[in-house]
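Chemist: okay, predicted coordinates and the sequence, questions at the end:
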Amino acid sequence: MFTIKGKTTDWELVIGLETHIEVLSNSKLFSGASADYNPTVAPNTQVSMVDVAMPGMLPVLNEYCVEQAIKMGLGLNAEISRRSKFARKQYFYPDLPQGYQISQPAEEPPIVGRGWVEIMSDDGKPKKIFIERAHLEQDAGKLKHDVHPTKSFADYNRTGVALLEIVTFLDTKNPENNSYISSPDEAERYLREIREIARALGVSKANMEEGSMRADVNVSVRPVGSTEFRTRTETKNMVSFKFIKSAIEYEARRQIEIYENGGTVSQDTMRYSQADGTTSVMRSKEDALDYRYFPDPDLLPLEISDETIERIRATMPELPAATRARYIAMGLNEYDAARLTETTDISKWFDAAVGDTPSRAKPIANWMISELFAHPENWDVKNAVDTREQGTARIITPSDLAELVDMIAANEINGKQAKEIFIKMLDGENGTPRAIADKFSMKQITDTSAIESVVDEIVAANAPQVEQYRAGKTGLLGFFVGAVMKKTGGKANPAVVNEILRKKLA
């Protein structure tokens, strides 16, 4: 359990996340304007009359965006509502030209109902994080404050792009039913899981750095052992895993200090400062009544048939959780399985390297995690095909790593030689691992008689050490192994060397 030590007691965190992902589609949620929002596109060039609510312009629901939301809901193990509604959420801000946002209110069934995702808890065990709902809504525009010294500008290209807001669930009436996010690290794991589900399904790019995935972070604290849910604050529009964790930690300590000094925490909306890692009050937290929701008069209720849901379900690929389970069944531990499913690209690359040979799985995983992850310039993770070169860097492919692992398994090379071949590939040496081994005479000596001849020579030349070994100083075996390996230029099979030495020295 993650806890923070206070002056008089230990405190625990209760964290809720509202995650917004931009839905991948050609056009916006209610208009035909391009939804390919790109910061490099000239401002206000992808805006329709519907997006800015010009008189007489009626919204038309994008069916494809609805199907994308259903697909994401199925990926979240969630209920799909057969009937849901859209409403106008009233607020006035320069990035919202209509003066309202078309969304799905919490009181009405949203398109996606209760669900869950599984993450690894801080104690290393699987943990379900429950989803309350996921609903479709319009994105707002983007304000630019750095173009002019005294003016701000509004870019409405993003206005009307479909957002799916995914909200975690906290059962305040039945605390025993809860399995909630309780640490900054768990918050990051949850968000990464949401991201990879969205990417695996093709629902969203879910890139935090470009804003196609954002999170509002709700934080409250309570003494360890308490079942009370105290007042929470909400830090808005977080777009970095690092900053989200930092904001959670700072906000938790801020609330603890208030409680320990006899104060009370107010339900505020916070802003986060990247410059110093602090949070500060932006405004009092709004309630649903503040937004004055009312049904959108231009949109009929959305009805979804069972046939539509099952058709979408049939198109879904393997999700990260299922991929992890498959890797664990192949002999990988939970940590390795989690690392190899951090992105769909990584898992596809791993699968391409393993191929139809499950015995490769563990060594391939070891090489990827310990070596390839450290050399991104030599690893085209998005390309699981054999491209031998890319610029001046030697690109290591799935077949390269598979061949290297197979050579070790077949005793053609030992671990030291494999590392040398790998380094030569990193340095730009062309050719397959086997070709490199041939070129530099790196093949392992497995001929028992040849190794035995070298062992006899080493034993004869080190009589004092032989006597000491036979007298009980068995640690000297390493001395003899090292001498044989040096004599053979590191080419002798270490297992064979050990076996022959033990017989000769007995």
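Modeler: Perfect, thanks for sending it. Numbering: from 1, shown residues only.
Chemist: from now on I want contacts and neighbour counts done on CA atoms only, so please keep to that.
Modeler: Will do.
Chemist: quick one: residues contacting R192.
Modeler: R192 makes contacts with E342, as judged by C-alpha atoms under 8 Å, 6 or more residues apart in numbering.
Chemist: at 10 Å instead, please
Modeler: Residues in contact with R192 (C-alpha atoms under 10 Å, 6 or more residues apart in numbering) are 119, 186, 198, 206, 241, 342-343.
Chemist: how far away is it from F241?
Modeler: Separation of R192 from F241 (C-alpha to C-alpha, to the nearest Å): 9 Å.
Chemist: next, the buried residues of stretch 490-499.
Modeler: Across stretch 490-499, burial judged by 16 or more other C-alpha atoms under 10 Å covers 490-494, 497-498.
Chemist: now do stretch 463-479
Modeler: Neighbour count says stretch 463-479 has 465-466, 469, 477 buried, by 16+ other C-alpha under 10 Å.
Chemist: before we move on, what about stretch 450-459?
Modeler: Quick answer for stretch 450-459 (16+ other C-alpha under 10 Å): 451-452, 454-455, 458-459.
Chemist: swap in stretch 351-363?
Modeler: By neighbour count on 16+ other C-alpha under 10 Å, the buried set for stretch 351-363 is 351-354, 360-363.
Chemist: picking up where we left off before, out of the buried residues of stretch 490-499, which are inside helices?
Modeler: Among the buried residues of stretch 490-499, DSSP state H puts 494, 497-498 in helices.
Chemist: where does pLDDT dip in the stretch 301-450 of the chain?
Modeler: The model of the stretch 301-450 of the chain has pLDDT under 70 over residues 382-393, 446-447.
Chemist: tell me where it has helices.
Modeler: 306-313, 320-329, 334-339, 344-354, 361-370, 398-409, 415-426, 433-439, 448-461 (DSSP state H, counting those that start in this stretch).
Chemist: for those helices, which one sits closest to L17?
Modeler: Closest approach to L17 among those (C-alpha to C-alpha): helix 320-329, 20.0 Å.
Chemist: touching, D51 and S34? I think so.
Modeler: No: taking contacts as C-alpha atoms under 10 Å, D51 lies outside contact range of S34: 11.1 Å.
Chemist: which residues do these two both contact?
Modeler: Residues within reach of D51 and of S34 at once, by C-alpha under 10 Å, 6+ apart, are 28, 157-158, 160-161.
Chemist: buried subset of those residues as a ChimeraX selection?
Modeler: Selecting only the buried entries of these in ChimeraX, with 16+ other C-alpha under 10 Å as the criterion:
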select :28,157,158,160,161
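Chemist: which one of the shared contacts of D51 and S34 is nearest to E251?
Modeler: Nearest to E251 among these, with distances taken as C-alpha to C-alpha, is R158, at 30.1 Å.
Chemist: and what about that closest one, helix, strand or coil?
Modeler: coil (DSSP: H, G, I helix; E, B strand; the rest coil).
Chemist: look up phi and psi at the closest residue to it other than its chain neighbours.
Modeler: Of all residues not flanking R158 in the chain, G141 sits nearest, at 5.1 Å (C-alpha to C-alpha, 6 or more residues apart in numbering). G141 adopts backbone torsions of phi -80, psi -170, taken as degrees, to the nearest 10.
Chemist: in this structure G141 contacts G211, no?
Modeler: No: counting by C-alpha under 10 Å, G141 does not reach G211; the two are 11.8 Å apart.
Chemist: neighbour count: those two, which is higher?
Modeler: Using other C-alpha atoms under 10 Å, the more surrounded residue of G141 and G211 is G141, with 21 against 18.
Chemist: which ones are touching the more buried one?
Modeler: Counting by C-alpha under 10 Å, 6+ apart, G141 has contacts 44, 51, 93-97, 154-161.
Chemist: flag the least confident of the residues you listed.
Modeler: Lowest pLDDT of the contacts of G141: Y93, 85.
Chemist: wait, what's in contact with the residue lying closest to that one once chain neighbours are set aside?
Modeler: For Y93, ignoring the flanking residues on the chain, the nearest one in space by C-alpha to C-alpha, 6+ apart is G99 at 7.2 Å. Shown in contact with G99 (C-alpha under 10 Å, 6+ apart): 52-53, 88-93.
Chemist: closest one to D296 out of the residues you listed, please.
Modeler: Nearest to D296 among the contacts of G99, with distances taken as C-alpha to C-alpha, is R88, at 5.5 Å.
Chemist: next secondary structure after the helix or strand where the closest one lies?
Modeler: If you go by DSSP states H and E, R88 is part of strand 87-90. Using DSSP H and E, the helix or strand that follows strand 87-90 in sequence is strand 100-103.
Chemist: C-alpha coordinates for that next one, PDB please?
Modeler: The C-alpha trace of strand 100-103 is given here as PDB (Å, rounded to 0.1, in the frame of the first residue of the first chain):
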ATOM      1  CA  TYR A 100     -22.300  25.000 -24.900                       C
ATOM      2  CA  GLN A 101     -20.800  21.600 -25.400                       C
ATOM      3  CA  ILE A 102     -22.800  18.700 -26.700                       C
ATOM      4  CA  SER A 103     -22.200  15.800 -24.300                       C
END
